[in-house]
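Q: Generate coordinates for the sequence data below:
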Amino acid sequence: MASGLDAHGYARLPALLGHAEADGLTALYDEEAHFRSHVHMARHGFGRGEYRYFRYPLPPLVAGLRSGLYPHLAPLANRWHARMGLAARFPDAHTEFVARCHAAGQGRPTPLLLRYGAGDYNCLHQDLYGDHVFPLQLAVLLDEPGTDFDGGEFILTEQRPRMQSRAEVVPLAKGDAVLFAVNDRPVKGTRGDYRVKMRHGVSRLRSGRRHVLGIIFHDAV
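A: Purely as a prediction, here's the structure:
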């Protein structure tokens, strides 16, 4: 996983969730009690489609993914910050990092469920939300391509200094996840490390319905 992130800015996690777990999360979307806000992307120029941010307490599966993955990612995040010359370092436990976010006024949970229908898409963007930013995040596909929907590919772009941007499509099946860079990541060059800026989005859905779970490790202002 670390080698994929270092080389390409992302890593696939096949079958992170079983199909029953994916269906259970999808079923939560229409249960408003789980969420703090509901965003229609077209109203804000974000694309087309919608998403809902979970409220605290998070559903057990979502909370478990967030707190369980974080300790494996924090050492890589610290190495990336050291390579990029950034001062911030991340504690071993996610509870400590969330406490840091809340002390700085970033108290709103950021894990979310996204729903796309035919013609919907998500513009290239970054999920930053405040001064305290964990440099990695996760997206889990909850529906089956070719069966539940067509199109809607997950896209990453890499903006390299004084070069044209590079795009990559990440193929996912139901239950697969992709771990990827939120903002900057280090790349080794001939004169040492330099930064590239990453953005992510979703191409136009041609038919069907597509749901995604997003796990962001920092909270929002």
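Q: could you point out the longest helix in the chain?
A: The residue-count maximum for a helix in the chain (DSSP state H) belongs to helix 60-84.
Q: Check which helices and strands the helix or strand just after that one is in contact with.
A: Sequence order places helix 94-103 as the next helix or strand after helix 60-84, per DSSP states H and E. When contacts are defined as 3 or more CB pairs under 8 Å, 6 or more residues apart in numbering; DSSP states H and E, helix 94-103 sits against helix 60-84. Quick note: C-beta positions are derived from backbone N, CA and C, even for glycine.
Q: Need the residues that contact the helix it packs on.
A: Helix 60-84 is contacted by residues 1-2, 5, 16-17, 21, 24-25, 54, 57-58, 87-95, 97, 111, 134-136, 138, 140, 179, 184-186, 193, 195, 213, 215, 217 when judged by CB atoms under 8 Å, 6 or more residues apart in numbering.
Q: Now, the residues you listed that are in strands?
A: Per DSSP state E, strands hold the following members of the contacts of helix 60-84: 54, 136, 138, 140, 179, 184-186, 193, 195, 213, 215.
Q: Now the buried members of the residues you listed.
A: When these are checked for burial by 16 or more other CB atoms under 10 Å, the buried set is 54, 136, 138, 140, 179, 184-186, 195, 213, 215.
Q: of the residues you listed, closest to Gly105?
A: Distances from Gly105 to these, taken as CB to CB, are shortest for Phe54 (19.3 Å).
Q: what's the distance between that closest one and Thr147?
A: 26 Å (CB to CB, to the nearest Å).
Q: Over to Ala42?
A: Relative to Thr147, and taking CB to CB, Ala42 is found at 26 Å.
Q: Of the two, which one has the most company?
A: Between Ala42 and Thr147, counted using other CB atoms under 10 Å, Ala42 has the larger neighbour count: 12 against 9.
Q: quick one: contacts for the closest residue in space to Gly175 that isn't next to it in sequence?
A: Sequence neighbours aside, Leu17 is the residue nearest to Gly175 in space, at 4.4 Å (criterion: CB to CB, 6 or more residues apart in numbering). Each residue near Leu17 by CB under 8 Å, 6+ apart is listed here: 25, 61, 140, 142, 175, 177.
Q: which residues does the third one bridge with?
A: Spelled out, that is Val140. Note on Val140: beta-bridge partners by DSSP bridges are Ala177, Leu213.
Q: show me the contacts for it.
A: Contacts of Val140 by CB under 8 Å, 6+ apart are 16-17, 22, 65, 175-177, 212-215.
Q: that older thread, Gly47: which of the contacts of Leu17 is nearest?
A: Closest to Gly47, out of all of the contacts of Leu17 and judged by CB to CB, is Leu142, at 18.4 Å.
Q: That closest one touches Gly24, doesn't it?
A: No - Leu142 is beyond contact range of Gly24, at 9.3 Å (criterion: CB atoms under 8 Å).
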